[in-house]
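Chemist: how does the following fold in three dimensions:
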Amino acid sequence: QVQLVESGGGLVQAGGSLRLSCAASVRNFSRTAMAWFRQAPGKEREDVARISWSGGSIYYADSVKGRFTISRDNAKNTMYLQMNSLKPEDTAVYYCAAGESPTIWATEYRYWGQGTQVTVSS
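Modeler: Predicted coordinates for the structure are as follows:
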């Protein structure tokens with residue numbers, strides 16, 4: 001059974017940092033593209049960052065470029081999102097997702113975690 005479990009969310013002041021983790025029980029994790037999405041109240045789910053199975057291809061939403069870093073450790077079946085210089089507009093539930101390719105489209109990801117809340121206070 002495939003499971004994605006996020007952790008590391010919480011409450012932080014603007015300008016602070018958080019590191020999210022996504023532990024995956026996915027067969028062939030090292031051949032699986034991964035991504036972080038987020039959804040704020042009243043808004044659609046949006047992509048944040050995406051990483052290919054090898055880590056050789058990485059993509060970021062314009063809103064987080066230069067502040068967030070996505071990475072993965074295939075030996076640990078875990079993906080990370082280092083979030084620095086957080087802003088109140090980063091407040092959302094953050095989800096990790098697994099799929100065949102690091103596409104921007106949420107519908108292309110077959111597996112999803114339950115989400116972790118990130119709240120940035122001003």
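
Chemist: does Ser30 touch Lys76 like I think?
Modeler: No - Ser30 is not in contact with Lys76 according to Cβ atoms under 8 Å; the separation is 10.7 Å. Just so you know, the C-beta spots here come from the backbone N, C-alpha and C atoms, and that holds for glycine as well.

Chemist: looking at the chain, which helix or strand is least sure?
Modeler: Sorted by mean pLDDT, DSSP states H and E, the helices and strands of the chain end with strand 109-112, the least confident at a mean of 95.

Chemist: now do it: everything it contacts.
Modeler: Outside strand 109-112, the residues within contact range by Cβ atoms under 8 Å, 6 or more residues apart in numbering are Val2, Leu4, Ala24, Val26, Ala35, Tyr95, Cys96, Ala97, Ala98, Gly99, Glu100, Thr103.

Chemist: tell me who's in contact with Gly115.
Modeler: Residues touching Gly115, when contacts are defined by Cβ under 8 Å, 6+ apart, comprise Glu6, Gln39, Val93, Tyr94, Tyr95.

Chemist: mind running it again at 10 Å?
Modeler: When contacts are counted by Cβ atoms under 10 Å, 6 or more residues apart in numbering, Gly115 is found next to Leu4, Glu6, Gly9, Phe37, Arg38, Gln39, Arg45, Ala92, Val93, Tyr94, Tyr95, Cys96.
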